[in-house]
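J.: give me a 3D structure for the following:
(2 chains)
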Amino acid sequence: AQSVTQLDSHVSVSEGTPVLLRCNYSSSYSPSLFWYVQHPNKGLQLLLKYTSAATLVKGINGFEAEFKKSETSFHLTKPSAHMSDAAEYFCVVSRDSGGGADGLTFGKGTHLIIQP
Amino acid sequence: NAGVTQTPKFQVLKTGQSMTLQCAQDMNHNSMYWYRQDPGMGLRLIYYSASEGTTDKGEVPNGYNVSRLNKREFSLRLESAAPSQTSVYFCASSLSGRQNTEAFFGQGTRLTVV
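T.: Residues are numbered from 1 along each chain as shown, chains lettered A, B, ... in the order given. The predicted structure is shown next:
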């Protein structure tokens, strides 16, 4: 079984300051991990993914995440927040599918607020 | 490049009414999914289809049925809508069910059951 815990339901930062969105996971196998972003009234867009290659993963819009197996974490960071980053962010782990297509397990989301 | 297209975008139903949510993808993906999104709950998987001709239950299948009409289309049906089914519904697709393939999402259907 797999699970994802996003440690903060809301994060508020000032424009131009660093962003840190925290995610812990549990998985019976080596997981694939994703971060998705959802802007208001929009669908979900992939920010980045980890698939057992480099542990530091770079995504779109200046975001990156580091896979730390010893800490079972996959935190999302950005050096300098922009107003357009205000959105809901989801940490996602692939299921133990054994090759089958049975979807993704989502965290409950972190609402990122950017203060001007 | 349409990606994943869902219809309708908004719908209001009365309790007991039925409706079908439509989803189509033009990326030649094998796997398709239906999720519901509720405040503070993230997205929860309702049903999925690993490939054309197969469907399986997800985490919250009660009250729903699905049909994988062909490789492109995957519909979700509510036979007798209940207020608890008020939610935002997302269709998604992925190239395969392999662990490292990301899913692509539609824009969502906002459903209200009164």
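
J.: distance of the residue most central in space within chain B from residue B:86?
T.: With distances taken as C-alpha atoms, centre = their mean, residue B:34 lies nearest the centre of chain B, 2.6 Å away. Shown here: residue B:34 relative to residue B:86, a distance of 16 Å by C-beta to C-beta, to the nearest Å. All C-beta atoms are positioned from the backbone trio N, CA, C, and that covers glycine.

J.: one more: residue B:94?
T.: Between residue B:94 and residue B:86 the computed distance is 27 Å (C-beta to C-beta).

J.: who has more neighbours out of those two?
T.: Counted by other C-beta atoms under 10 Å in any protein chain shown, residue B:94 and residue B:86 do not tie: residue B:94 has more neighbours, with 23 against 16.

J.: for residue 42, which non-adjacent residue is spatially closest?
T.: Using chain A. Spatial nearest neighbour of residue A:42, excluding adjacent residues (C-beta to C-beta, 6 or more residues apart in numbering or on different chains): residue B:107 at 6.6 Å.

J.: oops, wrong one, chain B.
T.: residue A:106 (3.8 Å).

J.: beta-bridge partners for the one you found, please?
T.: For residue A:106, the beta-bridge partners are residue A:92 (DSSP bridges).

J.: tell me the contacts of it?
T.: A:4, A:90, A:91, A:92, B:35, B:42, B:43, B:44 (C-beta atoms under 8 Å, 6 or more residues apart in numbering or on different chains).

J.: show residues contacting the helix or strand in which the second one is found.
T.: So the one you mean is residue A:90. Assigned by DSSP states H and E, residue A:90 belongs to strand A:87-94. Residues external to strand A:87-94 that are found in contact with it (C-beta under 8 Å, 6+ apart): A:2-4, A:6, A:21, A:23, A:25, A:27, A:31-40, A:44, A:47, A:74, A:76, A:104-107, A:109-112, B:42-43, B:99-100.

J.: figure out how far that strand is from the centre of its chain.
T.: Taking the mean of its C-alpha atoms, strand A:87-94 sits 5 Å from the chain's own mean (C-alpha atoms, centre = their mean, to the nearest Å).
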